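K.L.:
Quick check, what structure comes out for this input:
(chains A and B)
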Amino acid sequence: MSARIVAVLNQKGGVGKTTTSVNLTHALAKLGKKITVIDFDPQSHLAVSLGSVDPQKSGIDKVLLEGVSLAEQSIPVRKNLNLVVAGPRLQEIEQLTDGGARRGDLLRRALLDGNRDEDFIFIDCPPSSGVLVANALFAADEILVPMTSDYLALQGLSHLVGTIKKFESALKRPYKFSLVMSRYIPTRRISKEVLSVIQKYFPGQILATAIRETALLAECPSFGKTIFEYRPGCRSARDFMALAEDFLQGRMM
Amino acid sequence: MAEQDEDSLIGYDPLAWMHRSDFNQDSRKAEVGESEVDSSTELASSTETASNLEIDLDQAPADASEPYASQGERAVLVLEPVLNIQNVSVLHQHLMQMLSNFEAIDIDASGVTMIDTANLQLLLILKQTAIGLQKSISIDFPSDKFIEASELLGIAEMLEVDQAASGFF
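P.N.:
A predicted model of the protein is given here:
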């Protein structure tokens, strides 16, 4: 079985990439899907959010730099959910200047290794547009873009779409592309207007459930818990479970 | 520049370029085979110009005497390996002509092995002029030599070469 490889991507910081990666993957795991999530950000925020706090533990860095298999570096962190941490050397990938296209193709080749049984591999990308993001784009079948509903995020989305188009053109394959509205504040007029603009340009590509901004989502990473563990049944937990169902069923706004 | 309703909280719409025809054409292009991509029309002879100019078939003009398609299209310029003072004026002519005829220009700098300050200054002025015209200039896949030269001149950030996916294709 081949897993769907999903890059959670937005070069802008603070749009909810890691929050989406943590809670969407846990929601999918709770729905019975087998998931591996890769912390592809040298800041290691995903791993911390899932309770893995050892900064010296190797992970995807060793896979890319030393050719260790992904399976060896996978850690079961929840039922149906495996984590591959970033590792202390991941930043070295960003500095690679030699190797031409090969340095952008490290992750894709690492994921070619079969004999795994995941339904999905999620890649939580760093907030940048360098070699790591290029690796994620080479490897991914799908791109999931968390978007906040503010104007500067809209500006960032324009740049991101341009980058994605260039990869599609060069790789000669289109991505499955979807957006998730995160940190959404429904009472703000600017939120509604930004969402309206995004809907105009991406009809049928925005997952149906918007993740509303709550304090709980900001609190749970420090405890190494997902929202389903930190405050089960709360509004954010319900949002993410609905989002997981949207993702699986292709329900869009 | 996309215009919004007077009472809208969104002024300039940064996604407006996506509704231009080239966006949909580019999306389709990603699905076609390599042979179709290779059939793009080169409108400039390498013996006559300092650069190769590639225009998609969909955008190719019917009349060869009008070298560019109508406004609102996107063009790709592939820079020659060696760019020096001898060929800067030809490149200048082409870029100015393209700027007046296209909304967006993608400059492929992947093959550049040598570029002098005159050519770098030209690209910088082009970028600044394009901003004033609400047009887009993108330097794609800059080679290591291109990046090195633009950093030495202190204009890498202004040219946005540091943000491009460099050297992958």
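
K.L.:
which residues in chain B form strands?
P.N.:
All strands of chain B, identified by DSSP state E, fall at B:41-42, B:51-55, B:73-79, B:82-83, B:102-108, B:114-115, B:136-140.

K.L.:
nearest to chain A, of these?
P.N.:
strand B:136-140 (6.3 Å; C-beta to the nearest C-beta). For the C-beta atoms, the positions are set from N, CA and C on the backbone; glycine is no exception.

K.L.:
hang on, the earlier thing: Throw the strands of chain B into CSV and include mean neighbour count and mean pLDDT, thanks.
P.N.:
Listed next are the strands of chain B as CSV, based on neighbours: other C-beta atoms under 10 Å in any protein chain shown; pLDDT from 0 to 100:
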stretch, mean neighbour count, mean pLDDT
strand B:41-42, 12, 30
strand B:51-55, 20, 36
strand B:73-79, 22, 81
strand B:82-83, 20, 92
strand B:102-108, 22, 85
strand B:114-115, 20, 93
strand B:136-140, 22, 83
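
K.L.:
would a markdown table of the ones you listed with distance to A:Lys17 be doable?
P.N.:
Output for the strands of chain B, formatted as a markdown table (distance: least, C-beta to C-beta, whole Å):
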| stretch | distance to A:Lys17 |
| --- | --- |
| strand B:41-42 | 41 |
| strand B:51-55 | 35 |
| strand B:73-79 | 29 |
| strand B:82-83 | 39 |
| strand B:102-108 | 27 |
| strand B:114-115 | 36 |
| strand B:136-140 | 24 |
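
K.L.:
Just tell me which of the ones you listed ends up closest to A:Val6.
P.N.:
strand B:136-140 (25.4 Å; C-beta to C-beta).

K.L.:
The closest one: partners in the sheet, and parallel or antiparallel?
P.N.:
Sheet pairing of strand B:136-140 (DSSP bridges) gives strand B:102-108 (parallel).

K.L.:
With just CA atoms, put the partner strand into PDB.
P.N.:
This file holds the C-alpha atoms of strand B:102-108, laid out as PDB (Å, rounded to 0.1, in the frame of the first residue of the first chain):
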ATOM      1  CA  PHE B 102       3.700  41.100 -20.300                       C
ATOM      2  CA  GLU B 103       2.300  41.300 -16.800                       C
ATOM      3  CA  ALA B 104       4.800  38.800 -15.400                       C
ATOM      4  CA  ILE B 105       8.300  37.700 -16.500                       C
ATOM      5  CA  ASP B 106      10.000  34.700 -15.100                       C
ATOM      6  CA  ILE B 107      13.700  34.900 -15.500                       C
ATOM      7  CA  ASP B 108      15.500  31.500 -15.500                       C
END
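
K.L.:
A:Val84 and chain B, how far apart?
P.N.:
23 Å (C-beta to the nearest C-beta, to the nearest Å).

K.L.:
Without its sequence neighbours, what residue ends up closest to that residue?
P.N.:
Counting by C-beta to C-beta, 6 or more residues apart in numbering or on different chains, A:Val84 lies nearest to A:Ile38, which is 4.6 Å off, once chain neighbours are set aside.

K.L.:
tell me the SS of that neighbour?
P.N.:
strand (DSSP: H, G, I helix; E, B strand; the rest coil).

K.L.:
Return the distance of the closest residue to B:His92 other than its chain neighbours relative to A:Phe40.
P.N.:
Leaving out its chain neighbours, the residue that sits closest to B:His92 by C-beta to C-beta, 6+ apart is B:Leu122, at 5.6 Å. In this view, B:Leu122 and A:Phe40 are 38 Å apart by C-beta to C-beta, to the nearest Å.

K.L.:
pLDDT weak spots in chain B?
P.N.:
Residue ranges of chain B with pLDDT under 70: B:1-6, B:19-73, B:162-169.

K.L.:
hey, where'd the helices end up in it?
P.N.:
Counting by DSSP state H, chain B has helices at residues B:21-29, B:34-38, B:88-101, B:117-132, B:144-152, B:156-159.

K.L.:
residue contacts, residue 139?
P.N.:
Reading this off chain A. A:5, A:7, A:107-108, A:111, A:123 (C-beta atoms under 8 Å, 6 or more residues apart in numbering or on different chains).

K.L.:
um, chain B though
P.N.:
B:107, B:109, B:123, B:146, B:159-161, B:164.

K.L.:
all helices for the stretch 151-253 of chain A, in order.
P.N.:
Applying DSSP state H, counting those that start in this stretch to the stretch 151-253 of chain A gives helices spanning A:151-171, A:189-201, A:215-219, A:227-230, A:235-249.
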